[in-house]
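# what's the 3D shape of this:
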Amino acid sequence: MRNAIQLITYVDRLGCKNVQDLQVLLDTELKGLFAGVHILPFYYPIDGEDAGFDPIDHSIVDPRLGDWSDVRSLSQSVEIMADLIVNHVSAQSAQFTDFQTKGEQSEFASMFLTYDKVFPQGATEQELIRIYRPRPGFSFTPMAIGGSAKKLIWTTFTSNQVDIDVSSVPGKAYLEHILDTFAKAGITMIRLDAVGYAIKKRGTSCFMIEDTFDFIALLAEKANRKGMEVLVEIHSYYQTQIEIAQKVGYVYDFALPVLVLDTLFNGNARNLKKWLRISPRNAFTVLDTHDGIGVIDVASEDGKPGLIEDEVLERIVDQIHENSEGRSLKATGAAASNLDLYQVNCTYFEALGSDQLSYLMARAIQFFVPGIPQVYYVGLFGDDNDMDLLEQTNVGRDINRHYYSREEIREKLRTPMIQKLQELMILRNNHPAFQGDFHLVDSMDSTLIIRWTNEAMEAQLSLDLKKRGIQITFSEFEGNTSIAFDTFRV
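Down below sits the predicted model:
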């Protein structure tokens, strides 16, 4: 993937009816802002219980959005990242309904994980307690199979997302077929969604165990042979993330969003600087995504200190809720359904108290730290929480999954803050310095100075966190002269 900014978006929530409309939008209003696009699940159906992450048929584009030829056409304009939903499939899929109807006589019987597959002799209380699940409740759902008594089906996320036995013959064939489909459609990179939960083994947490790394390596090898790169999506303790990054192609820098909040809330870059000295360089950076703002990535674990002290982290979470005037509280924890335990649901703009300068400072930090930047579609417009959508669905993450009209998009792009953001994005995409070497300049904790150099080319970000001053300087490139960006006042 090119080292330039990527867009994260759903097709139908960005003023587009289909993939063709998305291509037009990227070629017009958003021209020059994005080198690639991570299209969030566009498989059939896009409007399941988990916004497409519970596909009934992972191998077809939802007909409401187009077909694979439309995806291939888009790939001629921008690089495309697509989700390979590794861990599960919809309980309404043809494969699982066949298993439910025919039981062990189904050709797909071995494709799905049941309790007795992992625990043929039963499990102890401690073995069950040890299983890591990112959401409240039990990891299994009782379901009638083959007209007989109910069996416990492994459902890591929701009861409509049945876990696949990725080591089974039909499980392997299922994933191979998706890889082939992606390759033919011109997909550049695959995001392995929920892959950390794909391997279950008795006596373990069933999350990112050694066998999981072997599985990821094998799947990545298959994807690479078909011309696609692989990004692994894992939320975990920061030292674990560093270890994971050494074993896979790319990871997310999920620690960054909260570290940036810590830096701006507290006027102190100490924790952020600590992370930037050790963070994986084979990373994609985000501030916001279709999920919430992750906390686990900077928190302590089993007595080991995190990147942010526990009491400071608690205050940051409280500050998010205060800045959003309590709106994030209505979408987080037990307040709404289908939520991850380790995330706060809120737009990043409201997390920063809807302060425009703080938002531009946050994006400047993201674009200057190491990694390939991704900007979520709601974050592209620095927008507020969608309380109407939350009220309609009672799904916490919908607070940050607004449906835009094309006119809304045009209006947002004309606002001074977003015009400044676009200037910054164009600089990040085009200045040669960002293809060179990263330097974290020694400075006081109340300042942050990041410099990129590439032979004679240079770009530098300087933040005064106490005075809330921002300056960006860069050397001449393609006719542009060195400019001091002291103008992020809006």
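# and stretch 153-168, what's buried?
For stretch 153-168, burial by neighbour count (16 or more other C-beta atoms under 10 Å) applies to 153-158, 160-166, 168. C-beta here means a position set from N, CA and C on the backbone, and glycine is covered the same way.
# let's see which of those residues end up in strands.
Residues of these located in strands (DSSP state E): 153-154, 161-163.
# which stretch of helix or strand covers D83?
strand 79-85 (DSSP states H and E).
# tell me which residues are up against that strand.
With C-beta atoms under 8 Å, 6 or more residues apart in numbering as the test, strand 79-85 has contacts from 1-2, 6, 35-42, 53, 55, 58, 71, 74, 175, 178-179, 182, 185-194, 231.
# which ones among those map onto strands?
6, 36-39, 58, 189-193, 231.
# in terms of model confidence, name the weakest of those.
Within the set of those, pLDDT is lowest for D193 (93).
# quick one: the strands in the stretch 251-400 of the chain?
In the stretch 251-400 of the chain, the segments counted as strands under DSSP state E, counting those that start in this stretch are 283-285, 293-294, 343-344, 372-376.
# can you list the strands that the second one pairs with?
The strands that strand 293-294 pairs with in its sheet are strand 343-344 (antiparallel) (by DSSP bridges).
# also the longest one?
Using DSSP bridges, strand 372-376 pairs in its sheet with strand 6-9 (parallel), strand 283-285 (parallel).
# before we move on, the earlier item: which among the contacts of strand 79-85 count as buried?
Buried subset of the contacts of strand 79-85 (neighbour count, 16+ other C-beta under 10 Å): 1, 6, 35-42, 53, 55, 58, 71, 74, 175, 178-179, 182, 185-194, 231.
# residue boundaries of the helices in the stretch 351-490 of the chain?
In the stretch 351-490 of the chain, the helices defined using DSSP state H, counting those that start in this stretch lie at 356-368, 377-380, 387-393, 406-413, 416-430.
# which one of those helices lies nearest to G103?
Between G103 and the helices of the stretch 351-490 of the chain, the tightest spacing by C-beta to C-beta is seen for helix 387-393, at 34.7 Å.
# how many neighbours does the nearest residue to K226 once chain neighbours are set aside have?
Spatial nearest neighbour of K226, chain neighbours left out: A183 (4.0 Å); criterion: C-beta to C-beta, 6 or more residues apart in numbering. Neighbour count of A183, defined by other C-beta atoms under 10 Å: 16.
# got it, and A269?
25.
# you'd agree it is up against V441?
No: using C-beta atoms under 8 Å, A269 is not in contact with V441, being 11.2 Å away.
# in terms of pLDDT, where does Y342 sit?
For Y342, the pLDDT comes out at 74.
# taking the centroid of this protein, which residue is nearest it?
T289 (5.0 Å; C-alpha atoms, centre = their mean).
# so where's the stretch 51-200 of the chain shaky on pLDDT?
In the predicted model, the stretch 51-200 of the chain carries no residue with pLDDT under 70.
# let's see 90
For the stretch 51-200 of the chain, the stretches with pLDDT under 90 are 51, 133-138, 147-149.
# pLDDT below threshold where in the stretch 251-400 of the chain?
The stretch 251-400 of the chain contains residues with pLDDT under 90 at 332-343.
# got the contact list for the nearest residue to K247 once chain neighbours are set aside?
Leaving aside its sequence neighbours, K247 sits nearest to F213 (C-beta to C-beta, 6+ apart; 5.3 Å). Counting by C-beta under 8 Å, 6+ apart, F213 makes contact with 244, 247-248.
# which ones among the residues you listed map onto helices?
Per DSSP state H, helices hold the following members of the contacts of F213: I244.
# export the contacts of F213 to JSON lines and append columns for neighbour count.
Output for the contacts of F213, formatted as JSON lines (neighbours: other C-beta atoms under 10 Å):
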{"residue": "I244", "neighbour count": "19"}
{"residue": "K247", "neighbour count": "14"}
{"residue": "V248", "neighbour count": "19"}
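# ok, the contacts of F213 vs K466, which is closest?
Nearest member of the contacts of F213 to K466, counting by C-beta to C-beta, is I244, at 35.7 Å.
# give me the nearest residue to the residue located most distally from the centre of the chain, chain neighbours excluded.
Within the chain, S148 marks the point farthest from the mean C-alpha position, 39.8 Å out by C-alpha atoms, centre = their mean. Of all residues not flanking S148 in the chain, G103 sits nearest, at 6.4 Å (C-beta to C-beta, 6+ apart).
# helices of the stretch 101-250 of the chain, start to end?
For the stretch 101-250 of the chain, the helices defined by DSSP H, counting those that start in this stretch cover 115-118, 125-130, 169-184, 210-225, 238-245.
# turn these into a markdown table, including distance to M425.
Conversion of those to a markdown table gives the following (distance: least, C-beta to C-beta, whole Å):
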| stretch | distance to M425 |
| --- | --- |
| helix 115-118 | 46 |
| helix 125-130 | 44 |
| helix 169-184 | 27 |
| helix 210-225 | 29 |
| helix 238-245 | 25 |
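# among these, which comes closest to C346?
Using C-beta to C-beta, the nearest of those to C346 is helix 238-245, at 21.7 Å.
# contacts for the closest one, please.
With contacts defined as C-beta under 8 Å, 6+ apart, helix 238-245 is touched by 208, 213, 232, 234, 236, 251, 254-255, 275, 278-280, 282-283, 297-298, 304, 306-307.
# and the residues you listed, which are buried?
Among the contacts of helix 238-245, the ones that count as buried by 16+ other C-beta under 10 Å are 208, 213, 232, 234, 236, 251, 254-255, 275, 279-280, 283, 297-298, 306-307.
# how near is S167 to V118?
To V118, S167 is 11 Å away according to C-beta to C-beta, to the nearest Å.
# number of residues surrounding Q246?
The local packing of Q246 (other C-beta under 10 Å) involves 9 other residues.
# mind checking how far it is from R281?
Distance, Q246 to R281, using C-beta to C-beta: 11 Å.
# so what's Y197 up against?
87, 156, 163, 206-207.
# buried set for stretch 43-55?
Here stretch 43-55 shows 43-46, 48-55 as buried, counting by 16+ other C-beta under 10 Å.
# over to stretch 428-444?
428-429, 431-434, 436, 438, 440.
# what two of those are the furthest from one another?
Across these (C-beta to C-beta), the longest gap, 22.0 Å, separates N429 and L440.
# neighbours of L65, how many?
23.
# wait, a helix at it?
No: with DSSP: H, G, I helix; E, B strand; the rest coil as the criterion, L65 is located in coil rather than a helix.
# any idea how far it lies from I308?
40 Å.
# kindly report the same for N345.
19 Å.
# same check, this time on D291
19 Å.
# quick one, which of those two is more surrounded?
Taking neighbours as other C-beta under 10 Å, D291 and I308 compare with I308 leading, 28 against 21.
# any idea what sits nearest the more buried one, other than its immediate chain neighbours?
V298 (4.8 Å).
# residue contacts, the one you found?
238, 255, 258-259, 262, 271, 306-308, 313.
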